[in-house]
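*Asks:* With the sequence up front, the predicted model follows.
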There are 2 protein chains.
Amino acid sequence: MTARNALYAQSGGMTAVINASACGVIEAARLHPETFGKVFAARHGTLGLLREELFDTTPLGRGELLGLRQTPGGAFGSCRLDLDDATANPRQYDRLFDVLAAHDIGYVFLNGGNGSMQTALQIDREAAVRGYPLQVIGIPKTVDNDIVGADCCPGYGSAIKYLAASVREASVDMASMSSRRGRVFVIEVMGRNAGWLAAGCGLASDNPSAPPHLILLPEVPFDEARFLARVNDWVGRLGWCTVVVAEGARGKDGRPLAQAATDGKYVQLGGAGAVVAHRIQAALGYKVHCAVTDYLQRAARHLASATDDAQAWAVGAAAIGAALAGQRGITMAIERLSDAPYCWHVSSVPLVAVANLERALPPDFIREDGLHVSEAFLRWARPLISGEAIPAFLDGLPRYWAHDLPLVPPRLAPYGGVN
Amino acid sequence: MTARNALYAQSGGMTAVINASACGVIEAARLHPETFGKVFAARHGTLGLLREELFDTTPLGRGELLGLRQTPGGAFGSCRLDLDDATANPRQYDRLFDVLAAHDIGYVFLNGGNGSMQTALQIDREAAVRGYPLQVIGIPKTVDNDIVGADCCPGYGSAIKYLAASVREASVDMASMSSRRGRVFVIEVMGRNAGWLAAGCGLASDNPSAPPHLILLPEVPFDEARFLARVNDWVGRLGWCTVVVAEGARGKDGRPLAQAATDGKYVQLGGAGAVVAHRIQAALGYKVHCAVTDYLQRAARHLASATDDAQAWAVGAAAIGAALAGQRGITMAIERLSDAPYCWHVSSVPLVAVANLERALPPDFIREDGLHVSEAFLRWARPLISGEAIPAFLDGLPRYWAHDLPLVPPRLAPYGGVN
């Protein structure tokens, strides 16, 4: 068998450690030149595949790969493109397979979340239909931790390490300012449908009265009266409290809090955190501060989890191993072997069992009152933030890497499609 | 001369390194037992002095002082209490001097910002009026960097190290998602009247097209049309851009943007960042994300600047030195001796030259177009973020320290005053 080229593509929202998966793919592929020729990286994911915008990673030396591994975001660019249905838009797939064939690509590694696994599945199925010899393998990545069939997803551990540290730090500040009673700190975190990130903030709590004191999850309908009573309890006890709000927190009617506030004559410029902050202020008269972590939580490579970084690398390298073993139509997955000591390995799940599905926080990870996480969650989550993978610093700031690879000269005419 | 006791008090808003100043005071005082008896720390600053709530720091060993130094916020508690005028409320000062006398306190070290220096000045003056032998010395602290008479203030370097790193990280994420053009990231930072924190974000920029692309300072009236045109330029060039907004950014009429938006029938739940994000979205149709760093920026001890940490310790220790030299009515100040190599030492300024004044960003630190900082600012600011003072981690999170010192038994009747 002669070696064929591989394509690596980053897809969907970014994480602090997705480039570690790129390193895993590139470094493991180089150990098997009999199977893998060049490793191309698509510019902006699937979009680069359609546009024939490919980088050849061959010139990257060890130092550059180290820089790549320490850099957040997607070094080769990502996109949020969903492929059309193959029967509805066959020209899109004609183009895609033309590009694969033009560059003798026999392996596609798609590094993404739920939606990207659907894209991987569509390419895999169409390859079979067309009889194009291709192994499509997914590499998981998402701060949302909502891919089914895995114990956890690379990207999540670093995000919650950053969030839990931030909750702890802001709360230490709150405590020192508590001479004037009646202060509340609200922090809004990502998570539209699943509360994994909000839940992760619970790791900051190392004793029963430590922050965060309340966590509003999308999985639990917001009961305003009960919530305000609990805020009041905590302020009565400590003089202050800290509340975590998932951006997707929703009311009993199932509508997101942030959306609800845009009704009528109000202009709502903030999100769920601002809404909750406003209600605490209006109902209880407390002084409320609100932080919105937004992209910071998924890009905070300076506080990445060493465990997460190792897992991100491992799923990339394991994808190469799976390709060597002849597998296709699967995605790699972190499987937990034991809690304490924390042991894990990389297994795989069929793409069809994963694509476009979403894993909510299981009920036993939520405390009975719905306003915090359970001990079971903390036991599960704690190993994921273990260890610090601190990047290189230059002039006082993390030094991130940007490649200057040229695009591979195109062999086809420019793509005529919209996407 | 027999040794007299010292009182250390934390005052105003917190920083990531204020406890390093506490360590500087405690550690330096212990070297001079002939002069300094016990070092008391007031619980919640001046409030603890009025309430006779004092901690005796004597039991703190070396390990505990190390924990103290690595912990953000004010370990002994702070407050935002302004003392009344001595002639208007002599009872408040009666109480204050009763507490000082009851515990044989001959030295007061007040660790705070502009407002706290006014408090220090009031105590100093009243001591002279009453003939109470007391040396009052200020120890500077503020993330706002707005104390006059100093080159920089402890707390500021760590805050801008965190902010510049955050801007860089979120922007790396933005760049990787730029296949869909027209995305803007807005980050709101503290600074009501002075743009020092917003300006510090400029350190993230290591080349002419690196983020942040635009910085909205309170010192420069917001010209919406010009600003939007520049956002448009950057998006045209890169497909995206990053904008820093000081919370105190204001319009040509001098009114804060955030406040302006609460007029009429609108309810504005966000601050200046949300307002700017909303205007970009409304005028240009771009997709805008907005992060609000709030307390995170002044508590992010995990990314503290080693230079800032060293300066915070040094102003504390130097205050002890000044007390030994018989000085009073002054505040310590960081003085710069040279830019490159960066050399500094601790000097002092009379309290009267500092109290209640505010130092705005000087015009030559602002770029000519008013939408960014100058090279002179970057040269000045860069050394302040140099070096990483990483705290101890336990179970994946920074391990912060909380004392369990008992309050010193009171010798007076409880305070009858409101404050």
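*Replies:* Happy to help now that I have it. Bear in mind that the values here come from a model prediction, so they are computed numbers and not experimental data.
*Asks:* contacts, neighbours, all on C-alpha from now
*Replies:* OK.
*Asks:* Leaving out chain neighbours, which residue sits closest to A:Val346?
*Replies:* Taking C-alpha to C-alpha, 6 or more residues apart in numbering or on different chains, and ignoring the residues beside it in sequence, A:Val346 has A:Ile334 as its nearest neighbour in space, at 4.8 Å.
*Asks:* I'd like to know how many residues surround A:Val346.
*Replies:* Neighbour count for A:Val346, taken as other C-alpha atoms under 10 Å in any protein chain shown: 17.
*Asks:* Tell me the secondary structure at it.
*Replies:* strand (DSSP: H, G, I helix; E, B strand; the rest coil).
*Asks:* so it touches A:Ala322, yeah?
*Replies:* No: A:Val346 is beyond contact range of A:Ala322, at 10.3 Å (criterion: C-alpha atoms under 8 Å).
*Asks:* Show me where the stretch 251-400 of chain A has its strands.
*Replies:* Using DSSP state E, counting those that start in this stretch, the strands of the stretch 251-400 of chain A run over A:287-292, A:330-338, A:343-350, A:393-394, A:397-398.
*Asks:* give me the number of residues near the spatially closest residue to A:Ser386 that is not a sequence neighbour?
*Replies:* When the adjacent residues along the chain are set aside, A:Ser386 lies closest to B:Gly396, with 4.3 Å between them (C-alpha to C-alpha, 6+ apart). Using other C-alpha under 10 Å, B:Gly396 has 27 other residues around it.
*Asks:* What are the neighbouring residues in contact with B:Gly396?
*Replies:* Applying C-alpha atoms under 8 Å, 6 or more residues apart in numbering or on different chains, one finds that B:Gly396 lies in contact with A:Lys161, A:Ser305, A:Arg382, A:Pro383, A:Ile385, A:Ser386, A:Gly387, A:Glu388.
*Asks:* again, only this time at 7 Å
*Replies:* Neighbour list for B:Gly396: A:Lys161, A:Ile385, A:Ser386, A:Gly387 [criterion: C-alpha atoms under 7 Å, 6 or more residues apart in numbering or on different chains].
*Asks:* Checking my notes, A:Phe40 in a strand, right?
*Replies:* Yes: membership of A:Phe40 in a strand is supported by three-state DSSP.
*Asks:* Kindly state the pLDDT recorded for it?
*Replies:* For A:Phe40, the model assigns a pLDDT of 98.
*Asks:* what's the burial count for it?
*Replies:* 23.
*Asks:* pretty sure it is touching A:Ala6, no?
*Replies:* Yes: with contact defined as C-alpha atoms under 7 Å, A:Phe40 reaches A:Ala6; the gap is 6.0 Å.
*Asks:* The strands of the stretch 251-400 of chain A: which one's closest to B:Arg95?
*Replies:* For B:Arg95, the closest of those is strand A:287-292, at 29.3 Å, according to C-alpha to C-alpha.
*Asks:* now the angle from that closest one to strand B:287-292?
*Replies:* On the basis of axes from the mean of the first three to the mean of the last three C-alpha atoms, to 10 degrees, strand A:287-292 is oriented at 130 degrees to strand B:287-292.
*Asks:* now strand A:287-292: how far from the chain's centre is it?
*Replies:* Computed by C-alpha atoms, centre = their mean, to the nearest Å, the separation of strand A:287-292 from the middle of its chain amounts to 25 Å.
*Asks:* Same check on stretch A:209-219?
*Replies:* Stretch A:209-219 has its average C-alpha position 21 Å from the chain's average C-alpha position, going by C-alpha atoms, centre = their mean.
*Asks:* For the residue nearest to A:Val346, which residues count as its bridge partners?
*Replies:* A:Cys152, A:Val346 (DSSP bridges).
*Asks:* export the strands of the stretch 251-400 of chain A to a markdown table and tack on mean pLDDT?
*Replies:* Compiled in a markdown table, the strands of the stretch 251-400 of chain A are given as follows (pLDDT from 0 to 100):
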| stretch | mean pLDDT |
| --- | --- |
| strand A:287-292 | 96 |
| strand A:330-338 | 98 |
| strand A:343-350 | 98 |
| strand A:393-394 | 98 |
| strand A:397-398 | 98 |
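*Asks:* Can you add distance to B:Leu83 and give those back as a markdown table?
*Replies:* Rendered in a markdown table, the data for the strands of the stretch 251-400 of chain A read as follows (distance: least, C-alpha to C-alpha, whole Å):
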| stretch | distance to B:Leu83 |
| --- | --- |
| strand A:287-292 | 22 |
| strand A:330-338 | 59 |
| strand A:343-350 | 58 |
| strand A:393-394 | 44 |
| strand A:397-398 | 40 |
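*Asks:* Residue numbers of the stretch 51-200 of chain A in contact with chain B?
*Replies:* Residues of the stretch 51-200 of chain A found near chain B, taking C-alpha under 7 Å from any C-alpha of the partner chain as the criterion, are A:72-79, A:161, A:165-166, A:169-170, A:172-173, A:176-177, A:179.
*Asks:* So which of these sit within helices?
*Replies:* The members of these that map onto helices under DSSP state H are A:Lys161, A:Ala165, A:Ser166, A:Glu169, A:Ala170, A:Val172, A:Asp173, A:Ser176.
*Asks:* so which of these is the most crowded?
*Replies:* Ranked by neighbour count under the definition other C-alpha under 10 Å, these are headed by A:Lys161 with 31 neighbours.
*Asks:* Quick one, grab the pLDDT at that one.
*Replies:* Looking at A:Lys161, its pLDDT stands at 98.
*Asks:* One more: A:Arg359?
*Replies:* Looking at A:Arg359, its pLDDT is 93.
*Asks:* I'd like to know how many residues surround it.
*Replies:* For A:Arg359, the tally of surrounding residues (other C-alpha under 10 Å) stands at 18.
*Asks:* With chain B in mind, check whether the strand or helix carrying A:Val231 reaches it.
*Replies:* Here A:Val231 sits within helix A:224-238, counting by DSSP states H and E. No: legend: contact between helix A:224-238 and chain B by C-alpha under 7 Å from any C-alpha is lacking; minimum distance shown is 13.1 Å.
*Asks:* okay, now the closest residue to A:Tyr400 other than its chain neighbours: neighbour count?
*Replies:* Leaving aside its chain neighbours, A:Tyr400 sits nearest to A:Thr71 (5.1 Å; criterion: C-alpha to C-alpha, 6+ apart). For A:Thr71, the number of neighbouring residues by other C-alpha under 10 Å comes to 30.
*Asks:* Ok, A:Val108 next?
*Replies:* Neighbours of A:Val108 under the rule other C-alpha under 10 Å: 26.
*Asks:* got it, and A:Gly13?
*Replies:* Residues lying near A:Gly13 (other C-alpha under 10 Å) number 23.
*Asks:* Check A:Cys343 too.
*Replies:* Each residue near A:Cys343 was counted by other C-alpha under 10 Å, and the total is 11.
*Asks:* mind checking how far the closest residue to it other than its chain neighbours is from chain B?
*Replies:* Closest residue to A:Cys343 apart from its sequence neighbours, by C-alpha to C-alpha, 6+ apart: A:Leu337 at 5.1 Å. In this structure, A:Leu337 and chain B are 19 Å apart, going by C-alpha to the nearest C-alpha, to the nearest Å.
*Asks:* how many other residues sit next to A:Leu337?
*Replies:* Neighbour number of A:Leu337 under other C-alpha under 10 Å is 12.
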